[in-house]
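Undergrad: coords below, sequence missing:
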């Protein structure tokens, strides 16, 4: 049973018990009082009848002036078991006759009003009165006061009846103890009967309340508990035709509508979440207090947040790993800017991912106003584009184009060269079999055969260079990859009057990567050096082992990089070529993306003697 129903049960039980108890006590008090009055009245009537007989006897004795006989009657009457005292008083209140000799000749004490009705000053106007009182000894008695009226035969001694209507009063004090005991017995009997009636009433009412009130209330309370805990499928089981049955029916209808509404709401919420999750760019919604209220999966993946929920988290915590808001004077904060001017904005940021790395993003932010709880709430919707993904796509697109070019080269050049070589081999075999053949002819043909081998080797290198991305990592010999990649641009270097020197580590270091990525890094850094030497110069390329890493060093005698440009050289689309040509600005960014993928590092190092710029690439080495 729930606490609420238990409290209601106790309250109702205590209330019923209290009401019945108070009612019973009040009823008993009234009943006892009425019973006591009835006993008093019945005893008064009985004593009045007895007193009338005694009064007639006394009048007869007084008319005969038989005072001794009158005393004897009073004494015998006072000896009765239920009578404590019998007295005859004159109108002034003097005791003339009494069963107690000590009272004779004495005046009664106290007000005469307490003795009988109409007794004011004397007993001249006394009437028959019976009431409970205490005698002069403090004993509870039922006192019966009966006036002895003056009659014409008594006028000789007592005067005119009109002037003296009462000759005296007969006072009989009955013992009140039997009467009180009888009343107490009746009271106890009535108390017992009342208690039994109260228990029966209480039990009946409690059973009725429990069956028709408490049990339905408990059932409805249970249903409300399930509803509050989110169990909207729970239904009340009350099936009566009373008010509780109607309440249960209405409750079930309400719960069913709530369940249907919640299902529809969840379906809409799932649809909306699925809609924003389908966007390839990161989507984030921020309120005016910098709290994230929604974000899609692309945004979480961009910052390596996994399945962590961003709802309720400050925007600067997820995007910058900060615990305080971004200074608007240093960073273009979309929330701050739109709060000042509610128009869409576009800005570039460098976010800090959950694993501590940095990623370049382009943020499109727009204001949104929604009415929530009756008031207008302002939000900022951010569309965050991962520039590193764009770079990766550009890189893949470039490799795909190179792959198509290599395939064309393979079909258009490699296959014809192979056919020419087969034909040339046949001619050489025949010429070697012939006699008197000019040896210079054979020498020239063998020279042609050697050049064909070089052409086939170059096409093979192009195919390696243009392999499509997505291949599995493998052991890559760094020296071989550098040598073969540089050979592809050797002619370009000669045209620009650039001298290329190669210095390889004799241990033939290897890294775990894709050969295509390694060659792309080498190619981009070599071309970057070419762009820095528009008037010719020297490029020195070296590989060396440094502990658990392999280092690739690219030193050139170009124009160098100004100090103010160093922080920006790896930013997407940043270009500052010395030859004056407009570049795309993705070469170094692609290199950084590839090196980061293999947990390496790339940066500008102090150049050696005779050189102006040195790029160093560090990759984890595969130990022998």
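TA: In hand now; what should we look at? Predicted, not measured: the structure shown is a model, and the values here were computed from it.
Undergrad: Report the separation between the residue most central in space within the chain and residue 238.
TA: The residue lying closest to the centre of the chain (C-alpha atoms, centre = their mean) is residue 229, at 11.1 Å. For residue 229, the distance to residue 238 equals 20 Å [C-beta to C-beta, to the nearest Å]. For glycine as for every other residue, the C-beta is placed from the backbone atoms N, C-alpha and C.
Undergrad: now do residue 21
TA: 32 Å.
Undergrad: which one of those two has more residues nearby?
TA: Between residue 21 and residue 238, counting by other C-beta atoms under 10 Å, residue 238 is the more crowded of the two (20 against 14).
Undergrad: ok, the closest residue to the more buried one other than its chain neighbours - contacts?
TA: Leaving aside its sequence neighbours, residue 238 sits nearest to residue 248 (C-beta to C-beta, 6 or more residues apart in numbering; 3.6 Å). Residues in contact with residue 248 (C-beta atoms under 8 Å, 6 or more residues apart in numbering) are 216, 219-220, 223, 236-240.
Undergrad: How many residues are close by the nearest residue to residue 94 once chain neighbours are set aside?
TA: In space, and not counting its chain neighbours, residue 94 is closest to residue 107: 5.5 Å by C-beta to C-beta, 6+ apart. Using other C-beta under 10 Å, the number of residues around residue 107 comes to 11.
Undergrad: same check, this time on residue 453
TA: Residue 453: 11 neighbours (other C-beta under 10 Å).
Undergrad: Quick check: it is in a helix.
TA: Yes - note on residue 453: a helix contains this position according to DSSP: H, G, I helix; E, B strand; the rest coil.
Undergrad: Could you check how far it is from residue 329?
TA: Counting by C-beta to C-beta - residue 453 and residue 329 are separated by 65 Å.
Undergrad: hmm, back to that, how near is the residue nearest to the centre of the chain to residue 446?
TA: From residue 229 over to residue 446 (counting by C-beta to C-beta), the distance is 91 Å.
Undergrad: Residue 233 too?
TA: Distance from residue 233 to residue 446, by C-beta to C-beta: 90 Å.
Undergrad: Show the average pLDDT along stretch 338-348.
TA: Averaging pLDDT along stretch 338-348 yields 87.
Undergrad: contacting residues around that stretch?
TA: In contact with stretch 338-348 (C-beta under 8 Å, 6+ apart) are residues 288, 332, 334, 337, 360-367, 378, 380.
Undergrad: Next, format those residues as JSON lines and append distance to residue 514 and neighbour count.
TA: Listed next are these as JSON lines, based on distance: C-beta to C-beta, whole Å; neighbours: other C-beta atoms under 10 Å:
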{"residue": "288", "distance to residue 514": "47", "neighbour count": "12"}
{"residue": "332", "distance to residue 514": "37", "neighbour count": "16"}
{"residue": "334", "distance to residue 514": "38", "neighbour count": "24"}
{"residue": "337", "distance to residue 514": "42", "neighbour count": "17"}
{"residue": "360", "distance to residue 514": "23", "neighbour count": "19"}
{"residue": "361", "distance to residue 514": "26", "neighbour count": "22"}
{"residue": "362", "distance to residue 514": "28", "neighbour count": "16"}
{"residue": "363", "distance to residue 514": "32", "neighbour count": "20"}
{"residue": "364", "distance to residue 514": "33", "neighbour count": "15"}
{"residue": "365", "distance to residue 514": "37", "neighbour count": "22"}
{"residue": "366", "distance to residue 514": "40", "neighbour count": "16"}
{"residue": "367", "distance to residue 514": "45", "neighbour count": "18"}
{"residue": "378", "distance to residue 514": "48", "neighbour count": "15"}
{"residue": "380", "distance to residue 514": "40", "neighbour count": "25"}
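Undergrad: Of those, which pair is most distant in space?
TA: Distance extremes for the contacts of stretch 338-348: the farthest pair is 360 and 378 at 28.1 Å, using C-beta to C-beta.
Undergrad: Residue 370 sits in which helix or strand?
TA: strand 358-372 (DSSP states H and E).
Undergrad: In the helix or strand following that strand, which residues are buried?
TA: Downstream of strand 358-372, the first helix or strand assigned by DSSP H and E is strand 375-386. Buried residues in strand 375-386, defined by neighbour count with 16 or more other C-beta atoms under 10 Å: 379-386.
Undergrad: and of the residues you listed, the nearest to residue 442?
TA: Closest to residue 442, out of all of those and judged by C-beta to C-beta, is residue 386, at 61.7 Å.
Undergrad: for residue 220, what are its contacts?
TA: By C-beta under 8 Å, 6+ apart, the contact set of residue 220 is 236, 238, 244, 247-248, 251.
Undergrad: Just say helix, strand or coil for it.
TA: Residue 220 ends up helix, using three-state DSSP.
Undergrad: Roughly how far does it sit from residue 255?
TA: From residue 220 to residue 255 the distance is 11 Å (C-beta to C-beta).
Undergrad: Residue 105 now?
TA: For residue 105, the distance to residue 255 - C-beta to C-beta - is 96 Å.
Undergrad: Looking at the two, which one has more neighbours?
TA: More crowded of residue 105 and residue 255, by other C-beta under 10 Å: residue 255, with 20 against 10.
Undergrad: where do the helices sit along the stretch 1-150 of the chain?
TA: Along the stretch 1-150 of the chain, the stretches classed as helices by DSSP state H, counting those that start in this stretch are 3-63, 67-78.
Undergrad: Those helices: lowest mean pLDDT?
TA: helix 3-63 (a mean of 65).
Undergrad: thinking again about what came up before, so how far is residue 233 from the residue nearest to residue 238?
TA: 16 Å.
Undergrad: what's the answer for residue 343, then?
TA: 48 Å.
Undergrad: Residue 558 now?
TA: From residue 558 to residue 233 the distance is 74 Å (C-beta to C-beta).
Undergrad: So for the two, which sits in the more crowded spot?
TA: Set residue 558 next to residue 233 and count neighbours by other C-beta under 10 Å: residue 558 wins out with 25 against 10.
Undergrad: tell me the contacts of the more buried one?
TA: 529, 531-533, 537, 578, 612-613.
Undergrad: Mind checking which of those residues are in strands?
TA: Applying DSSP state E to those, the entries found in strands are 537, 613.
Undergrad: For the contacts of residue 558, please prepare JSON lines with the additional fields pLDDT and neighbour count.
TA: Output for the contacts of residue 558, formatted as JSON lines (pLDDT from 0 to 100; neighbours: other C-beta atoms under 10 Å):
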{"residue": "529", "pLDDT": "89", "neighbour count": "25"}
{"residue": "531", "pLDDT": "87", "neighbour count": "20"}
{"residue": "532", "pLDDT": "86", "neighbour count": "21"}
{"residue": "533", "pLDDT": "88", "neighbour count": "23"}
{"residue": "537", "pLDDT": "91", "neighbour count": "20"}
{"residue": "578", "pLDDT": "57", "neighbour count": "15"}
{"residue": "612", "pLDDT": "87", "neighbour count": "15"}
{"residue": "613", "pLDDT": "90", "neighbour count": "20"}
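Undergrad: Between which two of the contacts of residue 558 is the distance greatest?
TA: Across the contacts of residue 558, the longest distance by C-beta to C-beta is 13.3 Å; it joins 531 and 612.
Undergrad: Next, count neighbours for residue 387.
TA: For residue 387, using other C-beta under 10 Å, the count is 21.
Undergrad: Would you agree it is in contact with residue 362?
TA: Yes - under the criterion of C-beta atoms under 8 Å, residue 387 makes contact with residue 362 at 5.9 Å.
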